[in-house]
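Student: Provide a 3D model corresponding to the input given below.
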Amino acid sequence: MLNKNFFKNKNILITGGTGSLGNKFAEYLLNNHNPKKIIIYSRDELKQSIMSQKFSVNKYYCMRYFLGDVRDLDRLSMAMQDVDYVLHAAALKHINIAEYNPFEFIKTNILGAENVVKASIKNNVKKVIVMSTDKAVDPINLYGATKLTSDKIFISSNNIVGLKKHTRFSVVRYGNVFGSRGSVVPLFYDLKSKKEKNFPITDLRMTRFLITLNQSINFIVQSFLEMQGGEIFIPKIPSVKITDLAKAIVPNCNFKIVGIRPGEKIHEKLCSINESNYVREFKTYFIIMPNITFFDESINYQINKSKEIGKKVSNDFEYCSSTNKEFLNIIDIKELLKHNIVT
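Tutor: Below is the predicted model:
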């Protein structure tokens, strides 16, 4: 359980802060902690306007709204003045759009990551949590490749900092946020409202990891507390069959097989067999330890703040949505659908 004083009187900056995750994280901080300042940093003027009405500065005195892009180092550095913690959630994310616009994804997801590192070090930020994705594991599309590169940048930046400064960087990696914008759930509900019976399915075998928005926030907060720098945190979360997800929304639907889109996978991974030698398993999560010579050899990743000892996984370990120990059935999915549609 996170110490209630962890964020008290602290300044927190959220890049991409007007998205679903940024909104929920800001709400969590306002409801559960007493931060000195929450800085919403994003490039979307409309979303900033909408969010500033939801969390008005007149009501929530700690809220600040900075219009800016992670591609702009000067603006980012200005926004990070006196900041204690950064949640880096800004990214371009659509697989098919990445394939058509590779330069733009590289500028935001890779060069933007470099800018976040530079601005954080310059301003002596204490801790930086970076949001990653299952697409970064054994990537077969450009989006996944840019996020893998981003992960590597942040992990290696702990070496750049060394022991002279206190800025630490860690990564949180998980799967699809249940019912979020851009996910298949809103599409299925749209088809249901139109009384469509034929649901487009890319492949009948397809599985996905799922995490709710509340679960993702709790895990991010836990990772802020646990992080020592250099770890990739991976929550233990359930999987679903896409066909079961469709049936939970429309029980008597038919499936129209449309084929896998370019860059899409049948199953998702949160940890590949190539990373297994560096994985330690805890009760509710895994960590992937850095595989490079690190800045502080005194750090012990195998014991967390609760004094739990992480177990080494087998050499052939993979955390894959198709072989996951926990699968949600249709009844489970229906229950989640009642409470977890993100608008």
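Student: Assign the closest residue to I201 other than its chain neighbours to helix, strand or coil.
Tutor: Nearest residue to I201, sequence neighbours excluded (C-beta to C-beta, 6 or more residues apart in numbering): F255, at 4.6 Å. (Each C-beta comes from the backbone N, C-alpha and C, glycine too.) Local secondary structure at F255 is given as strand here, using DSSP: H, G, I helix; E, B strand; the rest coil.
Student: residues in contact with F255?
Tutor: By C-beta atoms under 8 Å, 6 or more residues apart in numbering, F255 lies in contact with 198-199, 201, 204, 243, 246.
Student: distance of it from F199?
Tutor: 6 Å (C-beta to C-beta, to the nearest Å).
Student: Kindly list the main-chain dihedrals of the residue sitting nearest the centre point of the chain?
Tutor: In the chain, the residue lying closest to the centroid (C-alpha atoms, centre = their mean) is M131, at 3.5 Å. Taking degrees, to the nearest 10, you get phi -80, psi 120 for the backbone angles of M131.
Student: next one: the one 10 residues further on
Tutor: Recorded main-chain torsions at N141 are phi -130, psi 160, according to degrees, to the nearest 10.
Student: Does it touch I95 like I think?
Tutor: Yes. N141 is within contact range of I95, at 5.0 Å (criterion: C-beta atoms under 8 Å).
Student: Can you work out which residues contact both of these two?
Tutor: Common neighbours of N141 and I95, using C-beta under 8 Å, 6+ apart, are 135, 262-264.
Student: Among the residues you listed, which ones are in strands?
Tutor: In strands, defined here by DSSP state E, there are no members of the shared contacts of N141 and I95.
Student: Those residues: which two are farthest apart?
Tutor: K135 and P262 (13.3 Å; C-beta to C-beta).
Student: For the residue lying closest to T284 once chain neighbours are set aside, give me its contacts.
Tutor: Spatial nearest neighbour of T284, chain neighbours left out: K236 (5.6 Å); criterion: C-beta to C-beta, 6+ apart. Counting by C-beta under 8 Å, 6+ apart, K236 touches 284-286, 326.
Student: May I see the residues you listed arranged in TSV, with neighbour count, pLDDT and distance to A90 as well?
Tutor: Converted to TSV, the contacts of K236 look like this (neighbours: other C-beta atoms under 10 Å; pLDDT from 0 to 100; distance: C-beta to C-beta, whole Å):
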residue	neighbour count	pLDDT	distance to A90
T284	12	96	27
Y285	20	97	24
F286	23	97	25
E326	10	94	31
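Student: Dump those into a markdown table; add secondary structure and distance to S49 as well.
Tutor: Putting the contacts of K236 into a markdown table (DSSP: H, G, I helix; E, B strand; the rest coil; distance: C-beta to C-beta, whole Å) gives the following:
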| residue | secondary structure | distance to S49 |
| --- | --- | --- |
| T284 | coil | 38 |
| Y285 | strand | 36 |
| F286 | strand | 39 |
| E326 | coil | 40 |
